[in-house]
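S.K.: Quick one: sequence and predicted model below, then my questions.
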Amino acid sequence: MTKLTKELLLEKGTPKHSKLEHIKKINLSNLNLKTSDLDRVLFSQLSELEELDVSRNLLTEIPSNLGLYSLKCLNCASNDLNQVTSLSQFKNLEDLNCENNLRLTICDTYKLVYLLPNLQKFNGSNVSSNEYQLWFVNSRHLKSQVNAYWDKNYKARLSESSTPDEIRAVGNRFVKSAVANVKYGPNSLSEFTKWRVEMIASEILTSLLQHKEKSSDSENNENKDVLCTSGSSNASSGSCTELCSDRNTWLHSAKNIAKCAQHRKGKAPQNVNEDISKDKIQSGKERQTKPTNLSKKDNIFAINKEAKSECSATSIAASEESIPRKKTKYRTSVVLEPLHYLQCHSKNNNPEDFNTQLWACAFEPELESSQIPDVWMQSSHNVAVCGGDTVCIIDCETGIVHHKYKSIGDDFFSLAWTTLTMIDKDKERKLNVLAVAGQMGVVKLIHTKVNYCYGSIKAHRKSISTICFSPKTETFLFTASYDHTIILWDIGVPDLDYRFQASRLLVLKSGSTPFKMSLVPTCPDRYLVAACENGCFAWDITPTKPTGKRNFEMEFLFPIYNKEDENNYHVIDTLVFCSDDLIASKSSMQGSIYLWSWNKTLQKRKKQNIKVHAEILREFEWSNTDQLYIALAVCPGENYLLCGDEKGDVWMYKFDETSAEYLTSGKKTSPTQILKWPNIEVKGEIVEGTLINVAITDTEFKYLVAATDKNIIVIWKRI
C-alpha cells in the first residue's frame with residue numbers, strides 16, 4: 001500500500017509544477033490504494049484537476065467532499081466499489097469508467113446517469129439518447145406514482161392547522177411506506193426504484209414543511225406582498241440537478257443559479273413599435289424588437305431566487321407597479337410559480353439567439369389507450385411550441401424537450417393537434433399528430449411519438465397565418481393564409497407505412513388576412529369565425545352546399561368601430577371561444593377585450609343581413625399597445641381568459657359571472673390578476689420583460705406556458 005503525500009501527487013501529476021492547484025491530470029492507478037487513503041484535505045488542494053485515474057486499486061467507494069470541482073474525467077475501473085452516490089459531487093464529470101467493479105449493478109448505472117447531468121461517456125461508450133430517456137421516463141413515472149400514493153393514503157391526515165411536528169411525523173411514515181409499497185418497473189431495477197422513491201417522497205415532505213413555514217411567515221408579516229416563494233436551498237438544488245440533465249435545451253442549471261443578495265427590479269421594457277401597414281401584414285408575421293444587450297462570453301440564464309416570489313401571479317390590489325384600477329369584484333386569484341425558462345428554438349442552435357420570435361403553442365391531447373407503450377404520451381403536460389424553423393415538444397413538469405423538429409428556411413407561425421384513429425390488424429390505434437405551418441405555405445404533419453414528419457401539404461402560395469382542426473371530424477384541417485383565403489383540407493389517416501392522401505374540400509374567401517379562426521363549438525360543421533385584417537367574419541361551411549369559393553355570410557360590428565379616427569380598429573388580430581356561447585376578441589390598439597355572445601348576436605340578426613352588431617356582454621381592460629398578433633387563450637375548465645402584453649405580463653380574467661351591471665354601465669372590467677414577468681438574469685444582466693405572443697394553460701390549469709419575442713419560453717406551475 002502506498003501512502004499518498006503532496007510530493008507523490010506532484011510526481012504523478014501533469015503538468016509538472018511545485019503547487020497542487022496547478023495540476024490538471026493525475027494517474028494514481030495500481031497503487032493498492034484504499035478509500036481511507038484518499039485524504040480530503042490533500043485532494044481539496046487540486047482545485048484545477050480535470051482528469052483522475054484511480055483504477056486497479058482497492059477502493060470500496062469514492063469519499064465525499066473531495067473538493068474536485070473541475071473534474072471532468074474519472075477512471076475508477078477494477079476496484080471494489082459497492083456504491084456510486086458519492087460520485088454526485090462531481091457535477092462537471094463528462095467521462096466515467098467504472099468497469100470491473102463486480103459489486104455494482106444495473107441499478108447503479110441508472111443512479112449514475114441520474115446523478116451526473118453532464119455525463120457524455122460511461123465505460124468507454126457514449127451515453128445514448130435511449131439510455132438517457134430510460135432513466136428520465138423511469139424517474140418521471142415514479143414521481144407520478146409517489147404523488148398519487150401521497151394523495152390517496154396520507155394527504156387527508158393533515159390539515160391547514162397541522163403543526164410542523166405533526167407534518168414531519170406523518171411525512172416520515174409516508175416516506176417509509178412509499179419505499180415499501182410503490183412498485184414500478186422490472187425487479188432488476190427494484191433497488192433503483194426504492195432509491196428514487198425515497199428521494200421523491202422526501203422532497204414532498206420538504207415541500208410540505210416549506211409551505212407550512214411560508215404560511216407562518218405570511219401570517220407574521222401582513223405587509224409582505226408574496227404569493228409564492230421558492231423552495232429550500234436543498235430542495236432547489238436537488239430539483240435543478242435532476243432537470244439540467246438535458247444538455248441541449250436548458251437556459252440554466254444548478255451550478256448557474258445566481259444567488260442575489262437583494263431584489264433588483266428591471267427597468268420598463270422599451271419596444272420599438274411600428275405603424276400598422278398593409279405591407280407589413282402582407283409580408284407575413286414580423287415584429288421589430290430592441291435587441292438584448294448581452295455579452296458574448298457565455299450564455300447563462302439564472303433565476304433570481306430571492307426575488308422569485310415577485311414573479312408569481314400578483315393580484316391587482318397587491319401590485320405596486322400595475323396601472324391604477326378600480327377594485328375588482330373577484331377575490332379568488334391563481335397562485336403560480338415560475339418553474340422553467342427555456343431557449344430551445346435558436347437559429348443554427350446559436351446560444352446567443354434572443355431574436356427568434358415564438359408564435360404559437362398548444363398542449364398535446366390526452367390519449368386514453370392502454371395499447372400505447374409510451375405512457376408519457378398520454379399526459380397533457382406536454383406542450384408544443386413553434387417559432388423560427390423549429391417546433392419543440394416540451395414536458396412542462398421537468399422542462400425536458402422530448403422532441404425537436406426543424407425545417408430549414410421556414411418560419412413556423414401556427415400549430416394544431418389532432419388525434420387520428422389508425423386501424424392496425426383490425427384494432428383501433430390512437431395517435432397524436434401535430435400540424436405546423438408558416439412562411440413557406442406548407443403544412444407539416446408530424447407523428448410526435450416517433451418524432452417523424454410523415455407528410456407535407458402545399459396548402460397556399462403565400463404564408464400560412466393560422467391553422468385549426470375540426471373538433472368534430474379529426475381529419476378536417478382549416479388553413480388560413482396571407483393570400484386572403486381559408487381552405488378546408490381532409491388530411492386523411494396514414495397507413496402503417498405513413499402513406500396518406502390529402503384532399504382540398506372547400507375554399508373560403510376572406511378578402512383580407514385571417515389572423516385567428518375557430519369553429520363554433522355548438523355547430524362545428526356549420527360555422528367558422530375568423531379574426532381578420534379587415535374585421536371579424538363568419539362563413540357557412542355546411543358540406544351539403546355547392547363546393548367552390550364561398551364569401552363570408554356575416555360581418556360582426558363592434559362599438560370600437562364608432563371611435564375610428566386615425567386608428568383602424570377593424571384590424572381584429574385574435575379571437576377565441578371561451579364556452580359554447582361566449583367569444584372573446586380584440587382589435588389592434590383597442591386597449592380592451594370584448595366578451596360577446598354568439599347566440600344573442602345571431603338572435604339580433606335580421607334575415608339575410610350581412611352586417612351584425614356583436615352583443616357585447618363585458619369589456620375587459622387590457623394594455624394600450626399597438627402591437628399585433630398577441631393571441632387570446634382560454635382555460636374553459638376554470639373559466640379563465642388569458643392574454644399577454646408587450647411588457648411580459650399575462651393578464652388573467654375570470655368570466656364565469658355575467659352581471660347586468662356590466663351590460664349597462666359601460667365601464668371596463670379590470671383583470672382578475674396579472675402574472676408578472678419573472679426575474680431572469682443572463683450573465684448578471686436582467687432580462688427585461690418582453691412581448692408575450694401567446695400564453696396558454698393545460699385543461700386543469702396546472703401549468704401556464706408563455707411564448708415570447710425573445711426566444712424564451714416561460715413555464716409557471718400552479719401551487
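M.R.: Now that the structure is in, tell me what you want to look at.

S.K.: Tell me, how many residues neighbour E191?
M.R.: Close neighbours of E191, defined as other CB atoms under 10 Å, add up to 15. For glycine as for every other residue, the C-beta is placed from the backbone atoms N, C-alpha and C.

S.K.: And the closest residue to it other than its chain neighbours, how far from V113?
M.R.: Nearest non-adjacent residue to E191, counting by CB to CB, 6 or more residues apart in numbering: C107, 4.1 Å away. For C107, the distance to V113 (CB to CB, to the nearest Å) stands at 11 Å.

S.K.: quick one on the thing from earlier: show me what the helix or strand hosting the residue nearest to E191 is packed against.
M.R.: If you go by DSSP states H and E, C107 is part of helix 106-115. Secondary-structure packing of helix 106-115 (3 or more CB pairs under 8 Å, 6 or more residues apart in numbering; DSSP states H and E): strand 121-122, helix 129-153, helix 190-220.

S.K.: And these, which one averages the lowest pLDDT?
M.R.: For these, mean pLDDT drops lowest on helix 129-153, to a mean of 69.

S.K.: Quick check: next helix or strand after that one?
M.R.: Taking DSSP H and E as the definition, the helix or strand right after helix 129-153 is helix 164-181.

S.K.: Mind checking the pLDDT average for that next one?
M.R.: The model assigns helix 164-181 a mean pLDDT of 90.

S.K.: who's in contact with the residue nearest to E191?
M.R.: S188, L189, S190, E191, F192, W195 (CB atoms under 8 Å, 6 or more residues apart in numbering).

S.K.: do that again at 10 Å, thanks
M.R.: V84, S188, L189, S190, E191, F192, T193, K194, W195, R196 (CB atoms under 10 Å, 6 or more residues apart in numbering).

S.K.: circling back to that earlier point, buried residues of the helix holding C107, list them for me.
M.R.: Of all the residues in helix 106-115, those buried under the rule 16 or more other CB atoms under 10 Å are C107, D108, T109, Y110, K111, L112, V113, Y114, L115.

S.K.: Any idea how far stretch 614-624 is from the middle of the chain?
M.R.: Between the centre of stretch 614-624 and the centre of its chain there are 29 Å (CA atoms, centre = their mean, to the nearest Å).

S.K.: Export only the CA atoms of that stretch, formatted as PDB.
M.R.: This file holds the C-alpha atoms of stretch 614-624, laid out as PDB (Å, rounded to 0.1, in the frame of the first residue of the first chain):
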ATOM      1  CA  ALA A 614     -72.000  41.800 -31.700                       C
ATOM      2  CA  GLU A 615     -73.900  41.500 -28.500                       C
ATOM      3  CA  ILE A 616     -71.200  42.700 -26.000                       C
ATOM      4  CA  LEU A 617     -71.600  41.300 -22.500                       C
ATOM      5  CA  ARG A 618     -68.400  42.700 -21.000                       C
ATOM      6  CA  GLU A 619     -65.400  44.800 -21.900                       C
ATOM      7  CA  PHE A 620     -62.100  43.800 -20.200                       C
ATOM      8  CA  GLU A 621     -59.400  46.300 -19.600                       C
ATOM      9  CA  TRP A 622     -56.100  45.400 -21.300                       C
ATOM     10  CA  SER A 623     -52.900  47.000 -22.500                       C
ATOM     11  CA  ASN A 624     -52.900  50.100 -24.800                       C
END
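
S.K.: which residues of the stretch 601-719 of the chain score low on pLDDT?
M.R.: By pLDDT under 70, the low-scoring segments of the stretch 601-719 of the chain are 657-666.

S.K.: how about the helices of it, start to end?
M.R.: With DSSP state H, counting those that start in this stretch, the ranges of helices along the stretch 601-719 of the chain come out as 660-665.

S.K.: So F500 belongs to a helix, correct?
M.R.: No: per DSSP: H, G, I helix; E, B strand; the rest coil, F500 lies outside any helix segment and is coil.

S.K.: Please report the distance of it from V433.
M.R.: 10 Å.

S.K.: which residues do these two both contact?
M.R.: Shared contacts of F500 and V433, counting by CB under 10 Å, 6+ apart, come down to L420, L445, Y454, G455, T475, I491, V493, P494.

S.K.: Format those as a markdown table; extra columns: neighbour count.
M.R.: Below are the shared contacts of F500 and V433 laid out as a markdown table (neighbours: other CB atoms under 10 Å):
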| residue | neighbour count |
| --- | --- |
| L420 | 18 |
| L445 | 24 |
| Y454 | 15 |
| G455 | 20 |
| T475 | 18 |
| I491 | 22 |
| V493 | 15 |
| P494 | 18 |
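
S.K.: which of those residues lies closest to I674?
M.R.: Comparing those against I674 with CB to CB places L445 closest, at 37.6 Å.

S.K.: Distance of C107 relative to I446?
M.R.: For C107, the distance to I446 equals 35 Å [CB to CB].

S.K.: How many residues are close by K676?
M.R.: 20.

S.K.: Do I have it right that it meets D649?
M.R.: Yes: assessed by CB atoms under 10 Å, K676 is found in contact with D649 at 5.6 Å.

S.K.: ok, K155 touching V170?
M.R.: Yes: the pair K155 / V170 is scored as a contact, 9.3 Å apart, by CB under 10 Å.

S.K.: Which one's more surrounded, those two?
M.R.: Using other CB under 10 Å as the criterion, K155 and V170 rank with V170 on top: 18 against 14.

S.K.: Provide a list of residues in contact with that one.
M.R.: V170 makes contact with W150, Y154, K155, R157, L158, S162, L205, L208, according to CB under 10 Å, 6+ apart.

S.K.: same deal with S503?
M.R.: Neighbour list for S503: I457, T475, L488, W489, D490, I491, G492 [criterion: CB under 10 Å, 6+ apart].

S.K.: and it, bridged to which residues?
M.R.: According to DSSP bridges, the partner residues bridging S503 are D490.

S.K.: what about the spatially closest residue to I464 that is not a sequence neighbour, how many residues close to it?
M.R.: Closest residue to I464 apart from its sequence neighbours, by CB to CB, 6+ apart: A437 at 4.0 Å. By other CB under 10 Å, 31 other residues sit near A437.

S.K.: May I see the buried residues of the helix or strand containing A437?
M.R.: Secondary structure from DSSP H and E places A437 in strand 427-438. Using 16+ other CB under 10 Å as the test for burial, strand 427-438 gives K430, L431, N432, V433, L434, A435, V436, A437, G438.

S.K.: what about it, average pLDDT?
M.R.: Mean pLDDT, strand 427-438: 91.

S.K.: Excluding chain neighbours, give the residue nearest to G171 in space.
M.R.: L205 (3.5 Å).

S.K.: Return the residues in contact with that neighbour.
M.R.: Residues near L205 by CB under 10 Å, 6+ apart: W150, I167, R168, V170, G171, N172, F174, V175.

S.K.: before we move on, the earlier item: residues that sit against both of K155 and V170, list them.
M.R.: L208.
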